[in-house]
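>>> Got a predicted structure here, sequence first:
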Amino acid sequence: MNKKGFEISFATIFSLIAGAAILFLALYFASRFIGSQQTRIDAESAAKLAVLMDPLETNMGESKSNILNFVTKTRIYNDRCSIDGNFGNQEIGIASSGFGDKWKNPTYGKKQYNKFIFSDEVEEGKEFYVFVKSFNLPFKVSDIFVLTAKKYCFISAPEVVKEELESLNPGNFNFTDSGCPKGSEKVCFSSSSGCDISVYGEYGYKQGYVSKDGEKMGYIGPLLYGAIFSSPEVYNCNVKRLKMRAVRLASVYQDEIKILERAGCSSQLDAPLTGLIALASADADLIVLQDAAEEIEIVNSASECRLFES
């Protein structure tokens with residue numbers, strides 16, 4: 001008895017194989033094209049990121065803020081910080097999500113020599129909050145840029161910190177004395193347990209240290225926020241870079257003293273500036289640097305020929 005089977009002709013098999021191959025190649029080249037487009041867009045975004053921060057630069061004592069928006073979920077990489085050269089440098093990378101939330105390797109922009117960007121090594125989201133504070137010793141050393149995409153919950157924050165952060169109007173900060181929203185980073189200004197970040201301060205939190213990721217980061221002034229929002233590696237590198245910049249600026253002010261003296265205007269700041277240069281060059285503790293800066297400010301304020309306005 002003959003059995004009837006399901007017969008497929010050679011032409012049909014060939015058509016199926018050819019169709020599958022064409023589909024595979026179409027998907028392959030489409031993914032390659034999209035991937036190359038993503039890389040190009042990421043490279044452009046990395047280059048533009050520093051430019052977008054330029055309008056946020058401040059005068060002494062100022063604070064500014066802004067929100068950076070991306071169309072797709074994006075990662076900003078702040079994992080390349082160096083102390084080579086006069087001021088060191090940072091390279092910021094961008095990576096956007098691809099098919100199935102797969103991430104490409106980051107594309108890095110040009111080295112930034114005059115920007116000090118504080119953040120975790122990898123920040124992820126569509127909205128990134130940036131605020132800027134002026135860092136002075138006592139002359140302006142540089143702006144410090146703080147960038148974050150995470151939600152933060154501040155527990156028992158002192159009024160001065162709360163007012164300062166609220167004035168920047170960030171949408172990712174919450175202030176409370178007890179519970180925090182789910183998924184937010186807990187920043188404690190007390191001895192509370194279960195905190196991601198703990199802040200210890202003196203003199204109204206003008207100086208102290210921040211405990212994060214098992215490390216203690218000393219701070220003065222607005223570096224408090226750099227320590228809260230940065231990974232320890234990024235923070236410590238940028239603090240060293242700020243000290244390097246302070247050395248160069250103090251040397252410039254010493255040259256200005258000589259110009260003033262030739263014009264018949266004496267200054268008593270040469271020795272205090274020399275002291276600051278020695279301390280910063282030796283990577284001295286920030287609180288020690290602040291004491292030296294306060295001495296310079298007192299002498300400068302009492303001088304007829306001030307080197308800088310504070």
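Cool, got the structure.

>>> wait, is residue 65 part of a strand?
Yes. Residue 65 sits within a strand when classified using DSSP: H, G, I helix; E, B strand; the rest coil.

>>> what about it, distance to residue 83?
With distances taken as CB to CB, to the nearest Å, residue 65 is found 28 Å from residue 83. From N, CA and C alone the C-beta is placed, and that goes for glycine too.

>>> partner residues bridging residue 118?
Assessed by DSSP bridges, residue 118 has beta-bridge partners residue 146.

>>> swap in the one 4 residues further on?
Counting by DSSP bridges, residue 122 is bridged to residue 77.

>>> check contacts around it.
Residues near residue 122 by CB atoms under 8 Å, 6 or more residues apart in numbering: 75, 76, 77, 78, 79.

>>> In JSON lines, list the residues you listed along with pLDDT and distance to residue 203.
Output for those, formatted as JSON lines (pLDDT from 0 to 100; distance: CB to CB, whole Å):
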{"residue": "75", "pLDDT": "92", "distance to residue 203": "38"}
{"residue": "76", "pLDDT": "93", "distance to residue 203": "34"}
{"residue": "77", "pLDDT": "95", "distance to residue 203": "36"}
{"residue": "78", "pLDDT": "95", "distance to residue 203": "30"}
{"residue": "79", "pLDDT": "94", "distance to residue 203": "33"}
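
>>> Just give me the closest of those to residue 291.
For these, the closest approach to residue 291 (CB to CB) belongs to residue 78, at 30.4 Å.

>>> Please list all residues in contact with that closest one.
90, 92, 93, 117, 119, 120, 121, 122, 123, 147, 234.

>>> For these, give me CSV that also has pLDDT.
Converted to CSV, those look like this (pLDDT from 0 to 100):
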residue, pLDDT
90, 95
92, 91
93, 91
117, 95
119, 96
120, 96
121, 96
122, 95
123, 95
147, 94
234, 97
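
>>> Please indicate which of these are buried?
90, 92, 93, 117, 119, 120, 122, 123, 147, 234 (16 or more other CB atoms under 10 Å).

>>> separation between the first one and residue 64?
Think residue 90. Taken as CB to CB, the span from residue 90 to residue 64 is 19 Å.

>>> ok, which stretches of the stretch 201-310 of the chain are helices?
Listed from the start of the chain, the stretch 201-310 of the chain has helices (DSSP state H, counting those that start in this stretch) covering 223-229, 232-262, 270-281, 286-302.

>>> quick one, which of those is packed in tightest?
Each of the helices of the stretch 201-310 of the chain was assessed for mean neighbour count using mean count of other CB atoms under 10 Å. The highest is helix 223-229, with a mean of 24.

>>> what's it in contact with?
Contacts for helix 223-229 (CB under 8 Å, 6+ apart): 118-120, 131, 133, 135, 144, 146-148, 152, 161, 165, 187, 197, 199, 201, 205, 208-210, 212, 217-219, 235, 238-239, 286.

>>> ok, the spatially most central residue of the chain - contacts?
Note on the chain: the residue nearest the mean C-alpha position is residue 118, at 2.3 Å, using CA atoms, centre = their mean. The neighbourhood of residue 118, defined by CB under 8 Å, 6+ apart, consists of 144, 145, 146, 147, 225, 226, 229, 230, 234, 235, 238.

>>> I'd like to know which of these is nearest to residue 256.
residue 144 (24.4 Å).

>>> any weak-confidence spans in the stretch 101-250 of the chain?
101, 170 (pLDDT under 70).

>>> One more pass at 80, please.
101-104, 169-171, 178, 190-193 (pLDDT under 80).

>>> re earlier: just the buried ones out of the contacts of helix 223-229, please.
By 16+ other CB under 10 Å, the contacts of helix 223-229 give 118-120, 131, 133, 135, 144, 146-148, 152, 161, 165, 187, 197, 199, 201, 205, 208-210, 212, 217-219, 235, 238-239, 286 as buried.

>>> so how many other residues sit close to residue 221?
Counted by other CB atoms under 10 Å, the residues lying close to residue 221 total 19.

>>> do the same with residue 85
Residues near residue 85, counting by other CB under 10 Å: 11.

>>> Tell me who's in contact with it.
residue 113.

>>> name the element it belongs to?
Secondary structure assignment for residue 85, by DSSP states H and E: no helix or strand.

>>> measure it to residue 96 for me?
Distance from residue 85 to residue 96, by CB to CB: 30 Å.

>>> separation between residue 189 and residue 231?
20 Å.

>>> same question, residue 88
16 Å.

>>> got it, and residue 85?
In terms of CB to CB, residue 85 sits 22 Å off from residue 231.

>>> same question, residue 77
Noted for residue 77: a distance of 11 Å to residue 231, by CB to CB.

>>> Count the residues that sit near residue 190.
Quick note: residue 190 (other CB under 10 Å) scores 12 neighbours.

>>> so which helix or strand takes in it?
Going by DSSP H and E, residue 190 is not part of any helix or strand.

>>> Right, I'll leave it there.
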